[in-house]
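Visitor: Next one to model:
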Amino acid sequence: MRKAVGLGLSAAAIFATGLSMPAASAAVTSTAVSAPPGGPSAQTTVTFAVTSGALTITAPATANLGSGAPGTDISGEVGTTTVTDDRALLSASWNATASATDFTTAGGTTPEIIPATDVDYAPGTITTTGGITATPHDITLDHEPQLVVAGTAGVGNNTASWDPTLTVHVPAQAVTGTYTGTLTQSVS
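Guide: Numbering: from 1, shown residues only. All right, here's what the predicted structure looks like:
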């Protein structure tokens, strides 16, 4: 019994001094302190440049189409031609053209010449990168440039590659020899 009375007196003594005992289930709360709205800030204007390049075309330096008899066709691929458009344009377009000299052998007399107009040019399948639509056009070569691939609806940098096939319609009166001419492919 003594113990119970002692505990009662201790509690009475605490109350007499004006102190209170915290309740066993009292919750402790805290308030988070946040930065005031519209506090200090710093802004930086950032700039950079997107550069542009050129519109170019590349093709093999030489091509050998094979051989054939007078009055037949000689056909072969020239090798990969590539248009590279590094102008970074919002609206990109370009035209690739082809022309040729006459093809000659030996002294270049009439029977030793195969005219450019006896040669057909076919771009074949075109592979592209970037945003460009490339449309092929089969032509009969001439001394004047003619459209062979049209690049349209482009955005930014792009490329187009094709391996054109030349078909030479060898005249029946052609003479034996190795014929040489120049194929010129351009882009603008």
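
Visitor: For the rest of this, base every contact and every neighbour count on C-alpha atoms.
Guide: Will do.

Visitor: Go ahead and flag the most central residue of the chain.
Guide: Closest to where the C-alpha atoms of the chain average out (C-alpha atoms, centre = their mean) is Gly130, at 2.8 Å.

Visitor: Once you drop chain neighbours, what's closest to that one?
Guide: Sequence neighbours aside, Asn158 is the residue nearest to Gly130 in space, at 4.4 Å (criterion: C-alpha to C-alpha, 6 or more residues apart in numbering).

Visitor: element containing that neighbour, please.
Guide: According to DSSP states H and E, Asn158 maps onto strand 146-162.

Visitor: From the contact counts, what lies against that strand?
Guide: Packing contacts for strand 146-162, counted by 3 or more C-alpha pairs under 8 Å, 6 or more residues apart in numbering; DSSP states H and E, involve strand 81-85, strand 92-100, strand 126-136, strand 139-140.

Visitor: one more time with 7 Å
Guide: Packing contacts for strand 146-162, counted by 3 or more C-alpha pairs under 7 Å, 6 or more residues apart in numbering; DSSP states H and E, involve strand 81-85, strand 92-100, strand 126-136.

Visitor: got a list of contacts for the longest one?
Guide: In other words, strand 126-136. 123, 148-162 (C-alpha atoms under 7 Å, 6 or more residues apart in numbering).

Visitor: which of those count as buried?
Guide: 123, 148-152, 154-162 (16 or more other C-alpha atoms under 10 Å).

Visitor: which residues touch Gly156?
Guide: Counting by C-alpha under 7 Å, 6+ apart, Gly156 has contacts 88-90, 92, 131.

Visitor: what do you get for Thr182?
Guide: Counting by C-alpha under 7 Å, 6+ apart, Thr182 has contacts 100-101.

Visitor: Quick check: Thr72 vs Tyr121, distance?
Guide: To Tyr121, Thr72 is 17 Å away according to C-alpha to C-alpha, to the nearest Å.

Visitor: And Ala116, how close does it get to Asp142?
Guide: 5 Å.

Visitor: list residues touching both of these two?
Guide: Contacts common to Ala116 and Asp142, judged by C-alpha under 7 Å, 6+ apart, are Ala100.

Visitor: quick one: low-confidence ranges for the protein?
Guide: 1-36 (pLDDT under 70).

Visitor: The same query, at a cut-off of 50, please.
Guide: 1-17, 19-25 (pLDDT under 50).

Visitor: what are the ranges of the helices in it?
Guide: Here the chain has its helices, by DSSP state H, at 2-16.

Visitor: how long is stretch 80-95 from one end to the other?
Guide: End-to-end for stretch 80-95, by C-alpha to C-alpha: 17 Å.

Visitor: Pull out the buried residues from that stretch.
Guide: Residues 81-88, 92-95 are the ones in stretch 80-95 that count as buried (16+ other C-alpha under 10 Å).
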